[in-house]
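Asks: just a sequence and a predicted model for now, questions to come.
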Amino acid sequence: MFASVTSVALVGIDPCPVRVEVHVGGGKEAFHVVGLPDTAVREAKERVRAAVLSSGYRFPFRRLTVNLAPAEIPKAGSAYDLPIALGVLAAAGLVPPAVTGVVALGELALDGGVRPARGGLGAGIVAAGLGRPCLLPPGSAAEAAVVGEAQVRVVRTLAEAVAVALGEAVPEEPPAPPPAAAGPAVDLAWVRGQPLARRALEVAAAGGHHLLLVGPPGAGKTMLARCLPGILPSLTPAEALEVARAWAAAGRPRPPGDEPPFRSPHHTATTAAVVGGGSGVPVPGELTLAHRGVLFLDELGEFPPYLLDALRQPIEEGWVHVARKGVSVRFPCEVQVVAATNPCPCGYAGDRLVACTCSPAGVARYRRRFSGPLLDRFDLQVVVSRLDPAELAGPEGEPSGAVQARVAAARRRQDARAGLNRSLSRRDLDALSFTTAADALLRAAAGRLALTARGWDRVRRVARTLADLAGSATVEEGHLAEALTLRVAA
Amino acid sequence: MSREARLRLAFCGLHPERARRLVGDLGSPGAVVAALAAGRVRVPEAVRATASLDAAVCRRRLAALEVGCLLRGDPGYPPHLSELPDAPDVLFVKGRLPAVPGVAIVGTRRCTRYGLGLARVYGQACAAAGWPVVSGLARGADAAAHHGVTDAGGVGIAVLGSGPDVVYPGEHRSLLAGLIAAGGALVTEYPPGTRPEPWRFPPRNRIIAGLAAAVVVVEAAETGGALITAAAALEQGRHVFAVPGDVGRETSRGCNLLIRDGATPVLDPADLVASLSLLLGPPACPGEAPAAPPDAAGRALLAAIPASGSTLEAAAAASGLGLGPALAAAARLEVVGLIRRVGGVVLPGR
């Protein structure tokens, strides 16, 4: 009269087991689904009834109650069709109770077929945790196969699912995940010239610093930004799984690979698309898709101010809270921000050949749009100039792999000390050791270059990273001086 | 009586050419003012009303604005300007107008980095040599030249195409105040309240040239105010210098044409000062020593930065230092005020 099958729901990006409990009892014929289901889940009963009948089973036309526990987590989508159907069959005694010893997920077709549904990766993680086999439709199985310990079984129909759950059929093996791409998606070797920007990129990667690229159109700002993931340390398997979970929560399976993600939301994107949200169960936005990777904001001045404001706190904290009716979830977003902007609306202020056609007031207005609190978060700023034809034809630059090795060495020094230099607090910075000459230069610069308190801290953070890259335990005057040149100037 | 009439005529703010023609036709400024007030000359209603103002009212308005007025022939009226056939009859002046001719530095409003950097260093070099620097307070090259004067703490003269109380463009208000405070002057032939209409500027340019012994055109397209100033300078017998630019660059075409037609090409600031000293006498040597003598790397980097500025990368490559040491050297030079950074460009000087 009662049966329960395990399935999965997401809380933020974390998969959480859901018990699909089915009770078949006497009384007036009815089919109720309770436990915070959304419309798609409530419609499951029609699909389940048709699929059960089409698969050649009798359907128990009695009082059916389906509860999705825990009832407080909102459930969305069509993924509960398969577990509900298995539960109905077992509770009605139409198949042996052993059928419920699995984790199942999938949408049912009216003819009894099983279609892919969101949450395959979560199902794999839950199944691995419980040590149970995991029944998934073909389209969702590849995602779950990323979890090494999961026993993934591919099922194409409800009848096949019953047979596989009972061990009566030999299950189909999940498809092998596509091989990870070898080498970075965009290699730094393809960037010609731009020694200053390359240096800034390396420093940004080594210390996790947020980087602002300023330059005219066509200078290669986007290309440079795309190179950053390739020189960041590769993701550990645990980190890669975390990133995969974030992507799965957004409904886009991420191809395997250990390169940190790179996301580049357009400036016309909505706040929900960038920070996460949506109606019903909140879905992570671009910010979370860039978790443990790079968030690239191209044309920073074009982003609406409210969007930049919405980004500020999550970037600082590494978490974004999204609240919707009755639900509040937390998505991770430890991102490194790279922003690019033109120096002025026409883009040619300070260009060697082309005259800027903007009025000074227009330039000031443009700068104001992204100055202020968000600009305060950038530790590094570098001006990217357009290349001479001679440089375009020049030799290839140093490949990403060589830079990545230096970055990794610098990161190891930071890990041994106090963690990523980006997050060094003022107290941490005060505790760092600077040579007397470095200290004197910093004091002179504070007066002469009108450094703010925050600017002072940023210069010290970057100087520490430069010292880490050089393998020096003390921050020397040369490191501090270079950090001053790479600072964000007003 | 005639002084009063000349002031009243200047307050009418007619096009200088027209005012001169009217005086020729009617005989005297007094007759012109009377004809204007009586409506015998076709002018806008506002001009007619102004023409009937009493000279004492005009003087009170000038006093309230702290603007002085110099009539041609007055002791304070610059003799080098006075010698021009079309010299303005009345000059409105705020600040101190030097008695000696200076150097005019002009250029297009739509300047590239090249022109902006050069205008500033030339302005700085001429001001440091003790010569007054004349320009038009416009955006672009003019403002950069004025900024150079401010950097050097020299004497700068801004000649406006509007009334002495109408600063155009408005964002240069503080620049102008700085020039006047440092011993320079604002000069215009237009009365208080005159709006900066486009036709006011070409006549203004003859004053810029007239107040100078030489005109330096930093960057100019084929048409534009800078070339009008250069033409006025040639007419007045002033020396014209032009800064050569890339042949393909739109905003250097005017300068290159001037050079083709016989203007003296200008190279670095030292070259300009050497040429000008033949016209203006030996430069004063303030002999200001740099704040702190740079180290070897600093000297190498400083030597690699041309007067027109360059990108940090180019300077680093030219200095022969590695990128890291060059970046560090740049910060040290910036801290002691030997270079400054504007956007991605480094320029010598503070």
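Replies: Thanks, I have the structure now. Model, not experiment: these values are computed from the prediction. Numbering: from 1, shown residues only, chains lettered A, B, ... in the order given.

Asks: near chain A, which residues of the stretch 201-350 of chain B? Just list them.
Replies: Residues of the stretch 201-350 of chain B that fall close to chain A, judged by C-beta under 8 Å from any C-beta of the partner chain: B:246, B:248-251, B:311-313, B:316-317, B:323-325, B:327-332, B:334-337, B:341-345. Heads up, the C-betas are built off the backbone N, CA and C, glycines and all.

Asks: which of these count as buried?
Replies: For those, a burial check counting by 16 or more other C-beta atoms under 10 Å in any protein chain shown picks out B:249-251, B:311-313, B:316-317, B:323-325, B:327-332, B:334-336, B:341, B:343-345.

Asks: which pLDDT value belongs to the residue in the stretch 251-350 of chain B that chain A sits nearest to?
Replies: Nearest residue of the stretch 251-350 of chain B to chain A (C-beta to the nearest C-beta) works out as residue B:344 at 2.6 Å. Each residue has a pLDDT score; the one for residue B:344 is 70.

Asks: now it. Nearest residue, chain neighbours left out?
Replies: residue A:383 (2.6 Å; C-beta to C-beta, 6 or more residues apart in numbering or on different chains).

Asks: next, the contact list for residue B:178, please.
Replies: Shown in contact with residue B:178 (C-beta atoms under 8 Å, 6 or more residues apart in numbering or on different chains): residue B:150.

Asks: over to residue A:133?
Replies: A:101-103, A:127, A:151-153, A:164-165, A:171.

Asks: what's the answer for residue A:330, then?
Replies: Counting by C-beta under 8 Å, 6+ apart, residue A:330 makes contact with A:12, A:319-322.

Asks: any low-confidence regions in the chain?
Replies: Picked chain A for this. Low-confidence segments of chain A (pLDDT under 70): A:177, A:350-353, A:360, A:370-373, A:489-490.

Asks: oops, chain B please
Replies: B:1, B:285-293, B:343, B:350.

Asks: does the residue nearest the centre of it have beta-bridge partners, and which?
Replies: Residue closest to the average C-alpha location in chain B (C-alpha atoms, centre = their mean): residue B:135, at 0.3 Å. On the basis of DSSP bridges, residue B:135 is bridged to residue B:158.

Asks: got the end-to-end distance for stretch A:73-92?
Replies: By C-alpha to C-alpha, to the nearest Å, the extent of stretch A:73-92 from end to end equals 27 Å.

Asks: gap between it and the chain center?
Replies: 29 Å (C-alpha atoms, centre = their mean, to the nearest Å).

Asks: can you map out the strands along chain B?
Replies: Using DSSP state E, the strands of chain B run over B:68-71, B:90-95, B:102-106, B:133-135, B:156-159, B:185-188, B:212-217, B:239-242, B:264-265, B:310-311, B:339-342, B:345-348.

Asks: ok, the residue nearest to the centre of chain B to chain A distance?
Replies: Residue B:135 is 16 Å from chain A, where distance means C-beta to the nearest C-beta, to the nearest Å.

Asks: so where does residue A:459 fall, helix or strand?
Replies: Counting by DSSP states H and E, the element that carries residue A:459 is helix A:453-470.

Asks: what's next to that helix, contact-wise?
Replies: Counting by C-beta under 8 Å, 6+ apart, A:202-203, A:206-207, A:209, A:376, A:379-380, A:406-407, A:409-410, A:413-414, A:421-422, A:424, A:426, A:429, A:432, A:434, A:438, A:442, A:445-446, A:451, A:473-476, A:479-480, A:482-484, A:486-488, B:324 sit against helix A:453-470.

Asks: buried subset of those, written for PyMOL?
Replies: A single PyMOL command is used to select the members of those judged buried by 16+ other C-beta under 10 Å:
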select buried, (chain A and resi 202+203+206+207+209+379+380+406+407+410+413+414+421+422+424+429+432+434+438+442+445+446+451+475+476+479+480+482+483+484+486+487+488) or (chain B and resi 324)
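
Asks: so which of the contacts of helix A:453-470 belong to strands?
Replies: The members of the contacts of helix A:453-470 that map onto strands under DSSP E are residue A:380.
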